[in-house]
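>>> quick one: sequence plus predicted model below, questions after.
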Amino acid sequence: EDQVTQSPEALRLQEGESSSLNCSYTVSGLRGLFWYRQDPGKGPEFLFTLYSAGEEKEKERLKATLTKKESFLHITAPKPEDSATYLCAVQAPGGYQKVTFGTGTKLQVIP
Amino acid sequence: DTAVSQTPKYLVTQMGNDKSIKCEQNLGHDTMYWYKQDSKKFLKIMFSYNNKELIINETVPNRFSPKSPDKAHLNLHINSLELGDSAVYFCASSRLNEKLFFGSGTQLSVL
């Protein structure tokens, strides 16, 4: 069965203090690895899809990278508005495949 | 103009009651989903429909029954509600096997 483990569970950063979130996964093949952001009281919002090892994607202060066993979400010089829970998810290839989510990293950026 | 809308936002009910949650998407997607998010923020898929056909049916009690009257709607009916059903339920939609668009969630509290 597909498994996704995210660490740390919670992360507190000072504004401007860069860091990384980790997503380790076990899946029989990989169709795609997804990163979502979830704000309190809202549904997850899509950030990135990565398809193969070595791939990188960037959006503002966020950069996602992928290896064969894990993905990192790097946050450069975070701002308080980056505070949210970041969810990682994987999908196996072939036919109709469910997306398996991790339990997320709750990020708090302090001014 | 909300892309994925679900109602109600909050649902408070007594054990043993029957309730429904409605979901509609205006993105033209062919696949819709129901996810359950527990108190630890773990997001787990329950059901998925593609073009009104059930394609993913996870291990969910028979008390939960999805219904897709058309491609833009996916409703969730829950019979004989139990305390353990308390959670946040998210509707989502996508093109098949692509990124998910989530609704804002329905917080169900069973007393």
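Great, that's in hand. All figures in this text were calculated on a predicted structure; none of them were measured in a lab. Numbers count the residues shown, from 1 in each chain, chains lettered A, B, ... in the order given.

>>> contacts only, for residue 8.
Using chain A. A:L21, A:N22, A:T105 (C-beta atoms under 8 Å, 6 or more residues apart in numbering or on different chains). Every residue, glycine included, has its C-beta placed from N, CA and C.

>>> ah, I was thinking of chain B
B:I21, B:T106.

>>> go on, A:R12?
Applying C-beta under 8 Å, 6+ apart, we find A:R12 in contact with A:Q108, A:I110.

>>> what is the mean pLDDT for whichever strand or helix holds it?
Under the criterion of DSSP states H and E, A:R12 resides in strand A:10-14. What strand A:10-14 shows for mean pLDDT is 98.

>>> paired strands for that strand, with orientation please.
strand A:105-110 (parallel) (DSSP bridges).

>>> pull out the buried residues from the partner strand.
A:T105, A:K106, A:L107, A:V109 (16 or more other C-beta atoms under 10 Å in any protein chain shown).

>>> can you pull the residues of chain A lying near chain B?
A:31-32, A:34, A:36, A:38, A:41-46, A:49, A:85, A:87, A:89, A:91, A:96-101, A:103-104, A:106 (C-beta under 8 Å from any C-beta of the partner chain).

>>> residue in chain B with the shortest distance to chain A?
B:F102 (3.0 Å; C-beta to the nearest C-beta).

>>> how about that residue, nearest residue that isn't a chain neighbour?
Distance criterion C-beta to C-beta, 6 or more residues apart in numbering or on different chains; nearest residue to B:F102, sequence neighbours excluded, is A:G43 at 3.0 Å.

>>> identify the residues contacting that neighbour.
Contacts of A:G43 by C-beta under 8 Å, 6+ apart are B:V4, B:F90, B:A92, B:F102, B:G103, B:S104, B:G105.

>>> before we move on, back to that, run the chain-centre distance for the strand holding A:R12.
Offset of strand A:10-14 from its chain centre (C-alpha atoms, centre = their mean, to the nearest Å): 15 Å.

>>> for stretch B:7-26, same thing?
On C-alpha atoms, centre = their mean, the centre of stretch B:7-26 falls 9 Å from the chain's centre.

>>> in its sheet, what does the helix or strand of chain B with the lowest mean pLDDT sit against?
Lowest by mean pLDDT, DSSP states H and E among the helices and strands of chain B is strand B:53-57, with a mean of 86. Taking DSSP bridges as the criterion, strand B:53-57 forms sheet pairs with strand B:43-50 (antiparallel).

>>> could you give the average pLDDT over the partner strand?
92.

>>> ok, stretch A:38-54 next?
96.

>>> buried set for it?
Buried-residue list, stretch A:38-54, by 16+ other C-beta under 10 Å: A:Q38, A:G43, A:P44, A:F46, A:L47, A:F48, A:T49, A:L50.
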